[in-house]
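In: dropping a prediction and its sequence here:
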Amino acid sequence: MCRIAKFAVEQHLPGVMGLFAAEGWSYASDEQRTSRALSAPGSLTLVALESDEVVGVAQTLGDGEFQAFLTVLIVAESHRRAGIGRKLLKEAIEGTPGVHLDLISRADGFYEAIGFEAMSGFRLRR
Ligand SMILES: CC(C)(COP(=O)(O)OP(=O)(O)OC[C@H]1O[C@@H](n2cnc3c(N)ncnc32)[C@H](O)[C@@H]1OP(=O)(O)O)[C@@H](O)C(=O)NCCC(=O)NCCS
């Protein structure tokens, strides 16, 4: 069974970079930037560990009072549909203050199953 831990650069960065690379996310291109992003003020970054192997990562960013965003959620393809995404998200929500948790979805079926309400969203690519 996997356990959830706070992200620590020294132990978890290589595994997390592997998750980003497998999904083709821009985080995969620069370890230093990703390290800074995952440790940003106002953020909570968690990893899912299976015998010390990083099999999932989640990050929330918030103002500490009202608004929070889910900025990262990935579970390794080999470990999907085993409840790890649900567990990571539950712990991320519990550790993140705020009235709302918003996100841009790439996995509608997952968020619907977790109980999120679908709303329209926009993204400016820079
Ligand atoms: C989305 C993601 C994090 C889900 O992780 P996961 O560990 O497989 O999710 P869980 O096993 O906790 O799933 C919980 C429930 O969500 C639903 N669900 C999960 N993946 C789903 C999918 N691809 N399609 C439809 N429903 C899905 C199911 O109801 C599932 O419960 P069940 O397996 O008992 O039927 C994972 O598929 C992933 O990393 N995808 C690639 C990256 C990505 O798109 N991240 C989201 C960015 S917004």
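Out: Looks like it arrived, so ask away. Just so it is clear, the model here is predicted, and its values are computed rather than measured. Numbering: from 1, shown residues only.

In: now the phi/psi pair for Ile74, please.
Out: phi -140, psi 140 (degrees, to the nearest 10).

In: so what's it closest to, chain neighbours aside?
Out: Once flanking residues are discounted, Ile74 sits nearest to Leu19: 4.6 Å by C-beta to C-beta, 6 or more residues apart in numbering. C-beta: built from backbone N, CA, C; applies to glycine.

In: what does this protein have sitting close to the ligand?
Out: 23, 73-75, 80-86, 103, 105-107, 109-110, 113 (C-beta under 6 Å from any ligand atom).

In: show me where this protein has its strands.
Out: All strands of the chain, identified by DSSP state E, fall at 3-6, 43-50, 53-62, 68-75.

In: let me have the ones you listed in a markdown table, extended by mean pLDDT and distance to Ala28.
Out: Below are these laid out as a markdown table (pLDDT from 0 to 100; distance: least, C-beta to C-beta, whole Å):
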| stretch | mean pLDDT | distance to Ala28 |
| --- | --- | --- |
| strand 3-6 | 98 | 21 |
| strand 43-50 | 98 | 16 |
| strand 53-62 | 98 | 12 |
| strand 68-75 | 98 | 11 |
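
In: identify each buried residue in stretch 32-52, please.
Out: Thr34, Ser35, Ala37, Leu38, Ser43, Leu44, Thr45, Leu46, Val47, Ala48, Leu49, Glu50 (16 or more other C-beta atoms under 10 Å).

In: what of stretch 60-68?
Out: Thr60, Leu61, Gly62, Ala68.

In: helices of this protein, residue ranges please.
Out: Under the criterion DSSP state H, helices of the chain are mapped to 9-23, 31-38, 84-94, 108-114.

In: which helices and strands sit right next to the second one?
Out: In this structure, helix 31-38 makes packing contacts with helix 9-23, strand 53-62, judged by 3 or more C-beta pairs under 8 Å, 6 or more residues apart in numbering; DSSP states H and E.

In: next one: the first one to chain centre, how far?
Out: What that stands for is helix 9-23. Computed by C-alpha atoms, centre = their mean, to the nearest Å, the chain-centroid distance of helix 9-23 equals 12 Å.

In: could you do the last one as well?
Out: Strand 53-62 has its C-alpha centroid displaced from the chain centroid by 3 Å (C-alpha atoms, centre = their mean).
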